[in-house]
Each structure stands twice: as C-alpha cells, then as structure tokens.
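Enquirer: Okay, sequence plus prediction incoming.
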Amino acid sequence: MTSSAPKIAGRDRAALAKTLREVLLDPAEAAALDVHGRIDAAVLVPLYIAGDGALTAVLTKRRDDMRRHAGEISFPGGRQDDDETDLRLTALSEAHEEIGLDPAGVELVGALQPTPTIATNYAVYPFVGLIEPGQTWTPSAGEVAAVLELPLAGLRDGYARQRLVRRGIPFRTDVYVMREHLVWGATARMLGDLLERLPPELLDAP
C-alpha cells in the first residue's frame, strides 16, 4: 500500500518538517531576540508542497493605496497589538486576518532571523509554518490586493542586485524577481535567509 502523503525530493511532509526544524531558528528563541525597531511585528512564512513537488511560499501583494509599503510584496503579518505577548500568535492571527489562513492548519516549524524595516522602524519577526496545499484564500479587502503562491526555486533563480528608486532616492539592493513580481526590502532579506538555510534538494522538484 502506497502512502498518499505529499512527497518532495523523496521526502514526505513529516520528514520535511523535521529537516526545517533542524535548519531554522527555534521560534521561542527567535522571538526573544532583540532587534532594532520601535514597533514589534511578526509575519508568517507559509510553505507547502505543491502537486509537482515544488516547495512553495505564500506571499501577499499589498494594495497600492496603502499608507505604508504600498504595492509591495510581503509575507502575511502585522504589528503586535498591545494585548499580545507572543509574537508567534501575532504571526498566526495576522495571517488569518490578511489571507484567511486558519491558525489550526499551520504547523510552526521554525523561525528566521528577525529584521528591521528601515523606513517604518519595525522590528519584524518571521515564523515559518507548513500548511496544506489547495487553500482557498480570503484576502483582507482593505490591505491585500492579491495572494501569491510562488515556488522557492523560481524565486531563488530570480535573485539579482537591482537599482531601485524610492521616494526619489536611488539605491542598489537584493531583489527576487519572478514573472511580474518583485520582492525587495525586508521581505527579500527574510527570503534570502530562508533560501540560504534550506538544503538544495528541498528547492528543486523531483
């Protein structure tokens, strides 16, 4: 009898979760790290195994009329509320609010290095979670223009150093380009951290 569990590079989800826990930061320890930034925030990095075996990430494209980070691609998340004491729960609740992802369906397997945002003075704590494929998303009408499901191998292959101009100021920075999608800034730093940690065999579909 063959297993119906998703496979990736010869691994099932349980083995994938084990590997991710070995290469990622411990979520509790990462949440305790001190990062420059006046406002604490958390994001969820949802990953799943697509039907073709590709390890795929879920990101959002923010609305163009947002006051902060308008039109940018980011992982679902947001600032920690005053009554919240656990950044892991902040990541899960914000992902539920932004894209309709049920927190009960997320298996937290680790964290990435927290990173500051330069313009908005946030300290962003990223947590990585495994989810099931085939989700039906419910984007927040006030924040999210689109939910993107992008294979990590494609994002890796789209890495470049690119000249951008923001608020009239030109600068060169790391970006990830896939089709019409441009990932830069804090999200690109988180993505780069994730890609550096992952064993190569997890990125390429079998």
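Expert: Noted; the coordinates are in hand.

Enquirer: Could you list the low-pLDDT ranges of the protein?
Expert: When residues are selected by pLDDT under 70, those of the chain lie in 1-11, 64-71, 167, 205-206.

Enquirer: Can you list the residue ranges for helices in it?
Expert: Ranges of helices within the chain are 13-23, 27-31, 87-99, 152-157, 185-197, 200-203, based on DSSP state H.

Enquirer: and these, which is most packed in?
Expert: When you average the neighbours per residue for each of the helices of the chain (mean count of other Cβ atoms under 10 Å), helix 87-99 leads with a mean of 23. Where C-beta positions appear, they are placed from N, C-alpha and C, glycine not excepted.

Enquirer: Output it as CSV - backbone C-alpha positions only.
Expert: Below are the C-alpha coordinates for helix 87-99, written out as CSV (Å, rounded to 0.1, in the frame of the first residue of the first chain):
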residue,chain,number,x,y,z
LEU,A,87,4.9,37.1,18.6
ARG,A,88,4.2,33.6,17.2
LEU,A,89,0.5,34.1,17.9
THR,A,90,0.7,37.6,16.3
ALA,A,91,2.0,36.0,13.1
LEU,A,92,-0.8,33.4,13.1
SER,A,93,-3.6,35.8,13.9
GLU,A,94,-2.4,38.4,11.3
ALA,A,95,-2.1,35.7,8.6
HIS,A,96,-5.7,34.7,9.4
GLU,A,97,-6.8,38.3,9.2
GLU,A,98,-4.9,39.1,6.0
ILE,A,99,-5.5,35.9,3.9
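
Enquirer: No further queries at this time; thank you.
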